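> Generate a structure from the sequence data that follows.
(2 chains)
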2 protein chains.
Amino acid sequence: MAGEFDFIDWIRRQQRTSEIVQVPAGDDLAVLKWNWPGRESDLLLVGVDQVLDGVHFDSAIHSPRAIGRKVMNRNLSDCAAMACVPVAALVSAALPRGQDIEHARELYLGIKEAADAFNCAIVGGETGSWKGQLVVTVTILGGADGIPPVKRGGAVAGEHIYVTGPLGGSLLLDRHMNFVPRIIEARRLASGNRIGGMIDLSDGLSRDLRQICTESRVGAIIQADLIPIHDDIMKARRDERAPLEHALHDGEDYELLFTTAEPVVGVECHRIGHTTDDPGIWLDRGGQLEPLEPKGWEHPL
Amino acid sequence: MAGEFDFIDWIRRQQRTSEIVQVPAGDDLAVLKWNWPGRESDLLLVGVDQVLDGVHFDSAIHSPRAIGRKVMNRNLSDCAAMACVPVAALVSAALPRGQDIEHARELYLGIKEAADAFNCAIVGGETGSWKGQLVVTVTILGGADGIPPVKRGGAVAGEHIYVTGPLGGSLLLDRHMNFVPRIIEARRLASGNRIGGMIDLSDGLSRDLRQICTESRVGAIIQADLIPIHDDIMKARRDERAPLEHALHDGEDYELLFTTAEPVVGVECHRIGHTTDDPGIWLDRGGQLEPLEPKGWEHPL
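Here you go, the predicted model:
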C-alpha cells in the first residue's frame, strides 16, 4: 500500500514553478518571495476554509475531483469577496484509511484544476489518514495588487445593493459543487467603482446581507421583485418552497453581494435594494415591508 | 444551542490587536501588513498541519486545551525547523456535532496559549460541526526576519550531526502533547552558526535524518552511543523495546536535527554523528556499521 511519503512525492511532482515560490512544498514550510517584481505587495490576505463529508459534500455521490474543486473554489470565492488576487494555497486532507490512493490523487487534481484557473500556486500541504471520513482544508494567500481590500464593513446608508448573478437552488442540481468564483468580476468592480461593503454569498442572501449591515452599521431594504431567481429552482422542482424563499435563504450561490453609491460600470449585475440609516433589514413585497430574518446556513455546534 | 456565529464572535473577542493585522478574523479574509516597520520581511514562510482524533491525540484521554496546544506547537516547531519567526496563524476545526461549546472554547484557548508564548497572532479561522470526530488544522505564517530560511537540503558531506535534546518515548508519558517548540534555539543556532540542513523530529530520527540526507544528497553515520536517550523511556517501562530503538524510531520528539561544519556555539545540543559523501545511512554500534532503516511514523493511506 502506498504511504503518505509517496503521495507527497507525487504532489511535489505536480507543482509548477513560480517566481514567488522560493522553497516549494516538501520542506518544513514553503518559502514565498512576497515582494516579487512588478507587483504592489505590501498587503497579504489570508483565509482558511474546510469541507466536511456529509456537510459540504457527500462522498457517496460526489467525485473526489468535484470535492477538490469545491474546496478550492470556496477559498477563491473569499478572495473575490475582498477583491484580491489569489497567489498561493496550502492543502490539508484527512483521508479515510484504506482508501485507494487514486482517490487522493483525484482530490488533489480537482484542487489544482480550480487553482490553475486563477493562476494560484499550491505551495504546501499535508495529508493524514484516519478512521474518520474525508476532511479537506485549504488555506489561501492573496495579494492586494493595487486594489485596497474590500471589507464587509464599508457600506454606508443610501447605497445601492447589488448581486452578480441569480440566486437560489444551489443544492438542488449540485451547482454548489461546480461554480466559478467571481474573482474577475470582483477585480473589475473594485477597480472601476467605489464599492462600499462586499461579501460572497455562501450562507444565503438573508444571512450574508446581515453580515454587511452589522459590520457597516447600516440597515437595508431589499425589493422582492428585483431579486434574480436561478433557473435551477424551476428545473429541479423538488419541493414546495417558493422560488423567492430559495433565493433568499439557500446559500452556496457564490455570487457577490455588494453596495455602491453609483450605477455599476463594467460588470453585469442586478440591483436588488438599498442601504438605510435605520438598522433594520427589510423585504419589500410590492410595498409591504416585512423583516428579512436570516434563515440561511448556520451549522449548529 | 450555540451556533457557529456565536462561537466566531467569541473568538473575535479573544484576538489581540497587532501592528501587522489590518483586518482581523471575521471578514472573508484577514489582511496583514506584510512590510511592517523595523523588520526585513520580503520572505513569507507558510505551512499547514492538522491533528486527527485517534491518530495524533485521543479525545477520550486528552483535554481540548492540550489538543489545541499540540496542534499549534507542531506548527511552531515547523517554524523552528526553518529558523523563522512565527507571525500569524489561522485555525480550522471540524467539531463533533452536539458537543458542548465549552469544549470548542478550551480547544481555542489551548491554541492561543501556545501561540501567545511566541507572540504569534491568530488572524483567522473557521469552524464547522459534523457527525465525525475532531480535526484541527493550523496554518502558520512566518517571517525570515534577517535570517535566511534553513532548508532540509543544505547539508554537505563532512558536517557534524546534532540534536537539541534527548529522544524517544514521547508517546509513553504524553510528552507529545506538551512540548516546547525549539524556536529560540533555532534562531540562536542559525544566527551564530552556519547550519547545513535542519528539520524538526516529528517522524522519528531514522526517518527525519533520511529526509535531510535525501534532500541534501549526502549520507550519514550515527554513533549509537552518542544518541541522548530521554528519561521517559525508563520512567514508563511499558514495553520490551530497547531504549535506543525508542530514540531512533518513536518520533514526536520535536527536537531539532541539524548539520553544521563547526562546533555549535550558543545552544546546548548533542553531537550524534556526521554526514558522508556515500549516500548510505548507517548506525555505528561500537564499530559495527548497520543500515539505519526508517521505522518512524508513516501514516499508511
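
> Which residue ranges of chain A form helices?
A:4-14, A:64-82, A:101-116, A:183-192, A:205-216, A:231-236, A:243-249 (DSSP state H).

> Dig out what A:Trp130 forms beta bridges with.
A:Pro96 (DSSP bridges).

> Return the most buried member of the helices of chain A.
Most buried of the helices of chain A, by mean neighbour count (mean count of other Cβ atoms under 10 Å in any protein chain shown): helix A:64-82, with a mean of 26. Heads up, the C-betas are built off the backbone N, CA and C, glycines and all.

> In space, what's closest to A:Glu215 - neighbours in sequence excluded?
A:Gly153 (3.5 Å; Cβ to Cβ, 6 or more residues apart in numbering or on different chains).

> quick one: contacts for that neighbour?
Listed by Cβ atoms under 8 Å, 6 or more residues apart in numbering or on different chains, the contact partners of A:Gly153 are A:Gly197, A:Ile212, A:Glu215, A:Ser216, B:Asp27.

> quick check, nearest of those residues to A:Ala236?
The shortest gap between A:Ala236 and any of those belongs to A:Ile212, at 28.5 Å (Cβ to Cβ).

> Next one: the closest one from A:Glu106, what distance?
To A:Glu106, A:Ile212 is 37 Å away according to Cβ to Cβ, to the nearest Å.

> Same check on A:Ala115?
15 Å.

> The closest residue in space to A:Gln50 that isn't next to it in sequence bridge partners, please.
For A:Gln50, ignoring the flanking residues on the chain, the nearest one in space by Cβ to Cβ, 6+ apart is A:Thr137 at 4.1 Å. For A:Thr137, the beta-bridge partners under DSSP bridges are A:Gln50, A:Ser92.

> tell me the contacts of the residue lying closest to A:Gly132 once chain neighbours are set aside?
Sequence neighbours aside, B:Gly132 is the residue nearest to A:Gly132 in space, at 4.6 Å (criterion: Cβ to Cβ, 6+ apart). Counting by Cβ under 8 Å, 6+ apart, B:Gly132 touches A:Leu52, A:Asp53, A:Gly54, A:Gly132, A:Gln133, A:Val135, B:Ala94, B:Pro96.

> quick one: contacts for the last one?
Read it as B:Pro96. Counting by Cβ under 8 Å, 6+ apart, B:Pro96 touches B:Ser129, B:Trp130, B:Lys131, B:Gly132, B:Gln133, B:Leu134.

> and the second one, how many residues sit next to it?
Using other Cβ atoms under 10 Å in any protein chain shown, B:Trp130 has 21 other residues around it.

> all strands of the stretch 151-300 of chain A, in order?
A:160-163, A:195-200, A:219-223, A:256-260, A:270-276, A:281-285, A:288-291 (DSSP state E, counting those that start in this stretch).

> Include distance to B:Pro291 when you put those strands into a markdown table, please.
Converted to a markdown table, the strands of the stretch 151-300 of chain A look like this (distance: least, Cβ to Cβ, whole Å):
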| stretch | distance to B:Pro291 |
| --- | --- |
| strand A:160-163 | 64 |
| strand A:195-200 | 54 |
| strand A:219-223 | 70 |
| strand A:256-260 | 59 |
| strand A:270-276 | 68 |
| strand A:281-285 | 69 |
| strand A:288-291 | 73 |
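
> Would you mind writing the PyMOL command to select the buried ones in the contacts of B:Gly132?
Entered in PyMOL, the line below selects the buried ones among these, by 16 or more other Cβ atoms under 10 Å in any protein chain shown:
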select buried, (chain A and resi 52+53+132+133+135) or (chain B and resi 94+96)
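
> Can you pick out the most distant pair from the contacts of B:Gly132?
A:Asp53 and B:Pro96 (13.6 Å).

> Can you work out which residues contact both of those two?
By Cβ under 8 Å, 6+ apart, A:Asp53 and B:Pro96 have these common neighbours: B:Trp130, B:Gly132.

> show me what contacts the residue positioned nearest the centre of chain A?
Here the mean C-alpha position of chain A is nearest to the C-alpha of A:Ser77 (Cα atoms, centre = their mean), at a distance of 2.8 Å. Residues counted as contacts of A:Ser77 (Cβ under 8 Å, 6+ apart) are A:Phe179, A:Pro181, A:Arg182, A:Asp200, A:Ser202, A:Tyr254.

> show me the contacts for the fourth one.
Shown here is A:Asp200, whose contacts under the criterion Cβ under 8 Å, 6+ apart are A:Ser77, A:Asp78, A:Ala80, A:Ala81, A:Pro181, A:Arg182, A:Asp208, A:Tyr254, A:Glu255, A:Leu256, A:Leu257, B:Asp28.

> Any chance of those residues in TSV with distance to B:Pro279 and pLDDT as columns?
Listed next are those as TSV, based on distance: Cβ to Cβ, whole Å; pLDDT from 0 to 100:
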residue	distance to B:Pro279	pLDDT
A:Ser77	47	97
A:Asp78	45	95
A:Ala80	48	97
A:Ala81	50	96
A:Pro181	45	98
A:Arg182	51	98
A:Asp208	56	96
A:Tyr254	50	97
A:Glu255	55	98
A:Leu256	54	98
A:Leu257	58	98
B:Asp28	48	80
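
> Farthest pair within the residues you listed?
A:Pro181 and A:Asp208 (15.1 Å).

> What separation is there between the residue nearest to A:Gln50 and B:His176?
According to Cβ to Cβ, A:Thr137 stands 22 Å off from B:His176.

> When the two are compared, which one has more neighbours?
Here A:Thr137 and B:His176 are compared on neighbour count by other Cβ under 10 Å; more neighbours surround A:Thr137, at 30 against 22.

> wait, doesn't that one sit right on A:Val91?
Yes - between A:Thr137 and A:Val91 there is a contact at 7.4 Å, judged by Cβ atoms under 8 Å.

> Mutual contacts of the two, please.
Common neighbours of A:Thr137 and A:Val91, counting by Cβ under 8 Å, 6+ apart, are B:Val48.

> Can you tell me which residues in the stretch 101-250 of chain A are near chain B?
A:101, A:104, A:123-133, A:135, A:137, A:139-142, A:144, A:149, A:151-153, A:199-200, A:215 (Cβ under 8 Å from any Cβ of the partner chain).
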